[in-house]
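can't give you the sequence, but here's the structure:
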């Protein structure tokens, strides 16, 4: 593998991380007029349509591989997003962010024992250092955390879901399917799995986690259309595909560690756009994350 090609892989992972870090702002804005389930469903529905436009072909699926596409959609698109939303509803943002941050650790463990991946000795110290940095950024130095059993348990399931998503993605990458087709097929199964929950939601315009409103005029309003388009096109169709390709180039486990950069970018965006000045602990945590991610990539 040439240096330029490997650098391209890091670039794709970086694009995905930057976009995903900005999804919090878009989602938080939309929650004033949409339920979390509505946002999730329409986001992946739009992505599914866009991916058909980008790659209007159907690859031949080998016998038994449909289950891999099913699990890819279930773990990465359906379960991960919904579990995270539910966890944030029942627990604190600090608890959830710290627990979910362990996803790269779970990916590394699964990759080591399930896929027999070989990791350099420097990988684990870098991973631990980055994880400590995540704790500092998430808590801003305030370690007065309280357990919220249901929410924290859902956050653990969310963390496990992303770990399994990464491993299933690695298995599919080895089979040579087109990246756009691979993500599109996984989104199809995610939409199928979310449809019953979507249809059973209360039709009363309830906002929060669940709820369904037939006020379709919302989609014609530019203030809602722009963030929904961002979530569907950039954060889902493009970023999931870019992350998939990056994992294929630089390795699933190393790519997974890049998720640690999300809170750093979110913090910088909040500083630049909202005027939220980072505290000393957040700055220290950011340095630890950057150094830890660098060490894992050696």
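Received, thanks. What you are looking at is a predicted structure, and each value in this text was computed from that prediction instead of being measured.

just checking, residue 248 touches residue 171?
No - counting by CB atoms under 8 Å, residue 248 does not reach residue 171; the two are 11.5 Å apart. (C-beta placed from N, C-alpha, C; glycine too.)

these two - which one has more neighbours?
residue 248 (20 against 15; other CB atoms under 10 Å).

next, the contact list for the more buried one, please.
9, 173, 179 (CB atoms under 8 Å, 6 or more residues apart in numbering).

just the ones of those in helices?
9, 173, 179 (DSSP state H).

want to throw those into CSV with pLDDT and neighbour count?
Below are these laid out as CSV (pLDDT from 0 to 100; neighbours: other CB atoms under 10 Å):
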residue, pLDDT, neighbour count
9, 83, 20
173, 89, 17
179, 93, 19
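
circling back to that earlier point, nearest to residue 23 among the contacts of residue 248?
In terms of CB to CB, no member of the contacts of residue 248 lies closer to residue 23 than residue 179, at 20.4 Å.

wait, that closest one sits on residue 244?
Yes - between residue 179 and residue 244 there is a contact at 5.2 Å, judged by CB under 8 Å.

where are the low-confidence patches of the stretch 101-250 of the chain?
Along the stretch 101-250 of the chain, the model assigns pLDDT under 70 to residues 101, 106, 111-117, 119, 138-147, 203-208.

show me where it has its helices.
Assigned by DSSP state H, counting those that start in this stretch, the helices in the stretch 101-250 of the chain fall at 103-113, 123-139, 149-173, 179-199, 222-229, 239-250.

and the contacts of the third one?
I take that to be helix 149-173. By CB under 8 Å, 6+ apart, the surrounding residues in contact with helix 149-173 are 65, 68-69, 71-72, 75-76, 79-80, 83-84, 86-92, 95-96, 99-100, 102-103, 106-107, 109-111, 114-115, 182, 244, 247-248, 252-253, 255-256, 259.

buried among those residues? Make that a ChimeraX selection.
Command for ChimeraX, covering only those of the contacts of helix 149-173 found buried under the criterion 16 or more other CB atoms under 10 Å:
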select :65,68,69,71,72,75,76,79,80,83,84,86,87,88,90,91,92,95,96,99,100,102,103,106,107,110,111,182,244,247,248,252,253,255,256,259
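
residues in contact with residue 20?
Per CB under 8 Å, 6+ apart, neighbours of residue 20: 235, 239, 262.

may I see the buried residues of the one helix or strand it maps to?
Applying DSSP states H and E as the criterion places residue 20 in helix 3-30. Residues of helix 3-30 classed as buried under the neighbour-count rule (16+ other CB under 10 Å) are 9-10, 12-13, 15-23, 25-27, 30.

just stretch 39-51 next, same as before
For stretch 39-51, a neighbour-count test (16+ other CB under 10 Å) marks 39, 40, 41, 42, 43, 44, 45, 46, 47, 48, 50, 51 as buried.

would you point out the most distant pair within those residues?
Between any two of the buried residues of stretch 39-51, the greatest separation by CB to CB is 18.6 Å, found for 39 and 51.

give the burial count for residue 291, as a bare number.
By other CB under 10 Å, the residues close to residue 291 number 14.

isn't it right up against residue 129?
Yes - using CB under 8 Å, residue 291 is in contact with residue 129, at 6.2 Å.

roughly how far apart are residue 19 and residue 13?
As for residue 19, its distance to residue 13 is 11 Å (criterion: CB to CB, to the nearest Å).

got it, and residue 193?
Taken as CB to CB, the span from residue 193 to residue 13 is 27 Å.

what does residue 165 give?
When residue 165 is compared with residue 13 (using CB to CB), they lie 15 Å apart.

for residue 201, same thing?
For residue 201, the distance to residue 13 - CB to CB - is 34 Å.

same question, residue 86
27 Å.

one more: residue 81?
Look at residue 81 and residue 13: by CB to CB, they are 19 Å apart.

with residue 83 instead?
23 Å.

next one: residue 25
Using CB to CB, we find residue 25 at a distance of 21 Å from residue 13.
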